[in-house]
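**Q** Predicted structure and sequence below. I'll ask about it afterward.
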Amino acid sequence: MPDQSPVPDVDDRIDCRTVAATRRVSSLLDDVRSGLLSAPRSLPPKYFYDQRGSALFDRICDTPEYYLTRTEDALLDASAAAIIAEAAPDDILELGSGMARKTRRLLDACGAAGMRPTYSPFDISRAALMRAARELADEYSWLRVRVLVGDYDAGLAHLPPARGRRLFCFLGSTIGNFEHDKAVAFLSDLRARMNGGDLLLLGVDRVKDEAVLHAAYNDRAGLTAAFNLNILRVLNAGAEADFDLDQFDHRAGFDRRLSRIEMHLVSRRDQDVDLGALGTSIHIAAGEAILTEISRKFTPESLAAMLRAAGFTFDFHYQPANGYFSLVLARPVRA
């Protein structure tokens, strides 16, 4: 006989808590000071994502050149049932969940299998998390959402304890934005928080034809260029700077030696930029570049080596026929 008990209201199925940082996270001014006051200049990519930058990135994901999001989504759609059958999660904890668009593939598979895990999205914007949580709780009448507000880059020691088996998800090839040593350190920290039976679902972008990679980060509509330049708007507001966006060009290319895309902003001329909040200015020469993002691309071998260095092994590797992307279901190695 079907369950006739009333479904709790959406808000009754949503819990929100803050995850305290384990270590201090640098501020925008810290990063401007360390990244721009000496050469080579760089900025962390997290500053892309103000409201305007987030909207631009959503549009980038819909461009014909940007294969990554739709490839991962299709792969999740094809493999979600197998992933959920293997993981059998009581809780799905997603790092950097954003609006949790791809998470629906996993929740659909849970529903079809009669599983009812809690969903725990972990990200920095409380407003975005709560909006996504209400949408999901409205869409899935059985779902309870435990919103976790915090910066996963500040350490994971204060994650709430698991309620049974936990499936950690780190999708979108976000791990590719980390240098190798930082990626291994982050994954090692994550492994230390996992219990017996917990698994990690990791999505990574793969090495492929350089023309495909170049097009993905240099779309014809110019959206990636606008997204890259938007980081200077963020600095103008947050660091009281006076960057002239018209005096910088977007440049993105594949470094074969390091197996990664690098995005830069290149100065069109010699120029001086005031950094009012720091009480100083910098001189940027014509042709000088500011590194704004790396996006590492993996082979099956380099992916396995990274996971092995962080104390993981994996038996399940999902990939499309063209080898454009990988989803791996990894488990921690216990001494």
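**A** Yep, it's here.
**Q** Count the residues that sit near Val266.
**A** 15 (other C-beta atoms under 10 Å). For every residue, glycine as well, the C-beta is placed using N, CA and C.
**Q** Does it touch Glu288 like I think?
**A** Yes - between Val266 and Glu288 there is a contact under C-beta atoms under 8 Å: 7.2 Å.
**Q** Might you report the residue contacts of Val212?
**A** Val212 makes contacts with Tyr67, as judged by C-beta atoms under 8 Å, 6 or more residues apart in numbering.
**Q** Return the per-residue confidence for it.
**A** For Val212, the model assigns a pLDDT of 98.
**Q** any idea how far it is from Thr174?
**A** 20 Å (C-beta to C-beta, to the nearest Å).
**Q** where does the helix of greatest length in the chain sit relative to the chain's centre, distance-wise?
**A** The longest helix of the chain (DSSP state H) is helix 67-87. In terms of C-alpha atoms, centre = their mean, to the nearest Å, the centre of helix 67-87 is set 16 Å apart from its chain centre.
**Q** again with stretch 75-95
**A** 18 Å.
**Q** in the protein, what spans have low per-residue confidence?
**A** Applying pLDDT under 70 to the chain picks out residues 1-9, 335.
**Q** repeat that with 50
**A** Within the chain, the stretches with pLDDT under 50 are 1-3.
**Q** Please, where are all the helices along it?
**A** Using DSSP H, helices in the chain cover 28-36, 51-61, 67-87, 103-113, 126-139, 180-192, 210-216, 223-238, 300-309.
**Q** For the ones you listed, please prepare JSON lines with the additional fields distance to Ile282.
**A** JSON lines is the format used below for the helices of the chain (distance: least, C-beta to C-beta, whole Å):
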{"stretch": "helix 28-36", "distance to Ile282": "6"}
{"stretch": "helix 51-61", "distance to Ile282": "22"}
{"stretch": "helix 67-87", "distance to Ile282": "33"}
{"stretch": "helix 103-113", "distance to Ile282": "41"}
{"stretch": "helix 126-139", "distance to Ile282": "33"}
{"stretch": "helix 180-192", "distance to Ile282": "26"}
{"stretch": "helix 210-216", "distance to Ile282": "30"}
{"stretch": "helix 223-238", "distance to Ile282": "11"}
{"stretch": "helix 300-309", "distance to Ile282": "35"}
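**Q** I'd like to know which of those is closest to Leu327.
**A** helix 67-87 (5.6 Å; C-beta to C-beta).
**Q** Residues touching the closest one, excluding its own?
**A** Residues contacting helix 67-87 (C-beta under 8 Å, 6+ apart): 61, 101-102, 105-106, 108-110, 112-113, 115, 165, 167, 171-173, 199, 201, 203, 205, 212, 216, 316, 318-320, 324-325, 327, 329.
**Q** show me where the stretch 201-335 of the chain has strands.
**A** Along the stretch 201-335 of the chain, counting by DSSP state E, counting those that start in this stretch, strands occupy 248-255, 260-267, 271-275, 280-284, 289-296, 312-318, 325-332.
**Q** Strand 260-267 and the fourth one, what's the angle between them?
**A** Comparing the axes of strand 280-284 and strand 260-267 via axes from the mean of the first three to the mean of the last three C-alpha atoms, to 10 degrees yields an angle of 100 degrees.
**Q** Need the distance between the two termini of stretch 256-272.
**A** This stretch, stretch 256-272, spans 33 Å end to end (C-alpha to C-alpha, to the nearest Å).
**Q** Enumerate the positions of that stretch that are buried.
**A** 260-265, 267, 271 (16 or more other C-beta atoms under 10 Å).
**Q** Over to stretch 305-315?
**A** 306-307, 310-312, 314.
**Q** again with stretch 164-172
**A** Quick answer for stretch 164-172 (16+ other C-beta under 10 Å): 165-172.
**Q** and which of those residues is nearest to Val333?
**A** Phe168 (15.3 Å).
**Q** Setting the sequence-adjacent residues aside, check what's closest to that closest one.
**A** Distances taken as C-beta to C-beta, 6 or more residues apart in numbering place Leu200 nearest to Phe168, at 4.7 Å, with adjacent residues excluded.
**Q** What degree of burial does that neighbour show, as a neighbour count?
**A** Neighbours around Leu200, by other C-beta under 10 Å: 25.
**Q** quick one, what contacts it?
**A** By C-beta under 8 Å, 6+ apart, the neighbours of Leu200 are 167-170, 187, 190-191, 194, 312, 329-332.
**Q** distance of Ala309 from Ala321?
**A** Counting by C-beta to C-beta - Ala309 and Ala321 are separated by 29 Å.
**Q** Just give me the neighbour total for Ala74.
**A** 14.
**Q** Next, work out how far apart it and Gln319 are.
**A** Taking C-beta to C-beta, one finds Ala74 at 11 Å from Gln319.
**Q** Domain boundaries for the chain, per the record?
**A** 11-22+61-209+298-332, 28-50+225-296 (automatic domain parsing).
**Q** who touches Phe298 in this structure?
**A** So Phe298 contacts 176, 204-207, 259, 306, 326 (C-beta under 8 Å, 6+ apart).
**Q** could I get the residues you listed as TSV with distance to Gln51?
**A** Compiled in TSV, those are given as follows (distance: C-beta to C-beta, whole Å):
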residue	distance to Gln51
Gly176	24
Val204	28
Asp205	26
Arg206	31
Val207	33
Ser259	33
Met306	33
Ser326	32
